[in-house]
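1. compute the structure for the input listed below.
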Amino acid sequence: MNTIRRIESFLASMLAFVLLILALVPTLAADPMGQTAPTLVPPTLVPTLEMQTIDALPSESGVARIARDGVVRVGILFNEPQFGELNVRGDISGVDADLARSIAESWGVTAEFTQVTRQTGIDMLAADEIDLLMAAQPHLRDLDTRVEFSESYYPSAQVMLIRESDPMQTLGDMANRNIGFIMGTRSELALGEWTRRSGIAVNPVPFVNFDQALAGLNMGAVDGLIANRMQILRAVTQPGIARILAEQVMPEPYAIGVRRQDVNLRNLVNQTLQYLLQSGRINEIHRAHFNNVDFPSSPLFAWANIGDTPPTPADAATDVPFPSQYIVPRLQTERVLRVAGIQDVPPDAPESVRRMDTAHRALINEIARRWNVSVVYVPDNGASPLDLVANGQADIAVGVTPDWANASRVDFTQPYLTHGYQLMIEAGSNVAGFGDLRSRAIGVFADEPNARDVLRLQAEAARALLDDIYTLANESDAAYAMLASTELNLFAVFGDSIRLLPHLQANPDTLALLTDADDRPIYFSRDYLAMATPHNDLDFHLLLEYTLQEMAADGTLTSILSPVTLPEGIPMMEYWAGSNNTLGFAPGR
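-> Residues are numbered from 1 along each chain as shown. Got it, this is the predicted structure:
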């Protein structure tokens, strides 16, 4: 018996010793960016909580606690160069750190940083240990059931690295070749997403970490390596060794996480991000950490009524409003989608109006087809489409402008269409700008009252005195007034892009748009069309977002909208990688 006790005591001592060693050495965390990297300090262990506790819906918005304590608790990585690092002086630096401080400064509170790892961040957020997760965190669909995400603030991606000597130029060229990936990371997820969606067959070759995979590429064990673009750029610094293919394997936009259905905190974060973009602060942060390179193109843009002063917690509601009726359960049983914003168009309506009506109906019908539901168009009876969604009469409002004045009543999707003022000129007229319009006659449409003011401002900026600005009573007269030998003889027409497109398509050899040095049509104003869903009905909103993303990715959206916009009018849309099936619906069919 004494021998047994001595053995048990020895084993207990050994177990305690092993646990002590594990607590003292840096924790090795699997890096979803593609490698195994030690944290700079041992992370605080997070107690295991029951899932229902972790995922409990908030009783009050995080806005209330932030305002009450004057502190926003930010979860951040300490070992992600350029985004979050604990430096030798004990300071936290990087894009995420600077952005968090700028958000806190805008709110008039203090940013309190807490270290997270890529394993603990989501759980700590769901357990209300932090208010914001800002940890180079990609928005992925499988995380949408745990937390909620802001708009993205950095367009990261998984890409394909190949040897410099390899002649391949596209992802399609990599078919049937050996492709390396890092096990248990987003590299592996990206490989599965790419091959599933594209139908391209490859020979997957697993590696334990990024360094091993890079060595495999250099030695010819694989022909390509999938990894995060930033990780590759940090590791491959010598020219002439390897290069990245232009096509993304999988987008992974970085976004800020908040607790699920905390719509007021999410809106406050989004409005602040848009304000910081508009003020130039996001660009300043990016230039500070990326060698004076400007912030890259992204889907982030300022909504209408963003304002000239930063939003604060005092401006936001502190409750957590929940819908009186969730849309998804009703769709699952009734199979009927109620849509506002589409009304019968008279036969004599302008061509652009008829085209837009056709496009919107096609867009809604395609959504309904993918969801296997029927459509009912809700008559407005004098109400706005947003009112019909806000009061529960409609599930979706189509053709609406994202507007902060209505953000407390409905939720807006990403925009699916850009339109705005453009200048239509004669093809081959060598007009490079408004300076070439001096002493020329320009037309504007009668029902676009502010077009004249925008036109004059552009002309004044170019120091061009316009001969006259003529009003076109009918949209259909624009091309005739320019091309026919009439007394009017307009040199150009300035108007909304949707109204100019029919004339351009009818006269492709004689009419064109004013373009920039890269031959891209110039917008002199930008407006966006999106859809609206009931306020804080998150699952239905995500279903619609996934569907629009799938339609953009497979080309359906461009095809449907081609009668009302050139390809440049389809906005960049965030794509969140993940399953094509959600809640019994198949957005990607």
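2. okay, domains of the chain per the record?
-> According to automatic domain parsing, the chain comprises the domains 2-28, 51-152+253-315, 157-251, 332-418+527-569, 421-513.
3. F322 is nearest to which of the ones you listed?
-> Shortest distance between F322 and the domains of the chain, using C-beta to C-beta, is found for domain 332-418+527-569: 6.2 Å. For glycine as for every other residue, the C-beta is placed from the backbone atoms N, C-alpha and C.
4. before we move on, the earlier item: okay if I get the domains of the chain as TSV plus mean pLDDT?
-> Putting those into TSV (pLDDT from 0 to 100) gives the following:
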stretch	mean pLDDT
domain 2-28	41
domain 51-152+253-315	94
domain 157-251	95
domain 332-418+527-569	96
domain 421-513	91
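5. verify the stated contact: E252 with S152.
-> No: look at E252 against S152 with C-beta atoms under 8 Å: they stay out of range, at 9.3 Å.
6. between those two, which one's more packed in?
-> E252 (28 against 22; other C-beta atoms under 10 Å).
7. still on that earlier bit, any shared contact partners between E252 and S152?
-> By C-beta atoms under 8 Å, 6 or more residues apart in numbering, E252 and S152 have these common neighbours: H139.
8. related to what we said a few turns ago, would you turn the domains of the chain into JSON lines with distance to F322?
-> What follows is the domains of the chain, written out as JSON lines (distance: least, C-beta to C-beta, whole Å):
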{"stretch": "domain 2-28", "distance to F322": "38"}
{"stretch": "domain 51-152+253-315", "distance to F322": "7"}
{"stretch": "domain 157-251", "distance to F322": "31"}
{"stretch": "domain 332-418+527-569", "distance to F322": "6"}
{"stretch": "domain 421-513", "distance to F322": "37"}
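9. of all those, which lies closest to W576?
-> Nearest of the domains of the chain (C-beta to C-beta): domain 51-152+253-315, 5.0 Å.
10. quick one: distance of the closest one to the chain centre.
-> Offset of domain 51-152+253-315 from its chain centre (C-alpha atoms, centre = their mean, to the nearest Å): 15 Å.
11. and if you look at stretch 534-542?
-> That offset, for stretch 534-542, works out to 17 Å (C-alpha atoms, centre = their mean).
12. how about the strands in the stretch 301-450 of the chain?
-> 336-340, 374-377, 396-400, 410-412, 417-419, 421-426, 441-445 (DSSP state E, counting those that start in this stretch).
13. for the ones you listed, give me JSON lines that also has mean neighbour count and distance to P321.
-> Compiled in JSON lines, the strands of the stretch 301-450 of the chain are given as follows (neighbours: other C-beta atoms under 10 Å; distance: least, C-beta to C-beta, whole Å):
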{"stretch": "strand 336-340", "mean neighbour count": "21", "distance to P321": "20"}
{"stretch": "strand 374-377", "mean neighbour count": "14", "distance to P321": "26"}
{"stretch": "strand 396-400", "mean neighbour count": "24", "distance to P321": "18"}
{"stretch": "strand 410-412", "mean neighbour count": "24", "distance to P321": "11"}
{"stretch": "strand 417-419", "mean neighbour count": "21", "distance to P321": "29"}
{"stretch": "strand 421-426", "mean neighbour count": "23", "distance to P321": "37"}
{"stretch": "strand 441-445", "mean neighbour count": "22", "distance to P321": "41"}
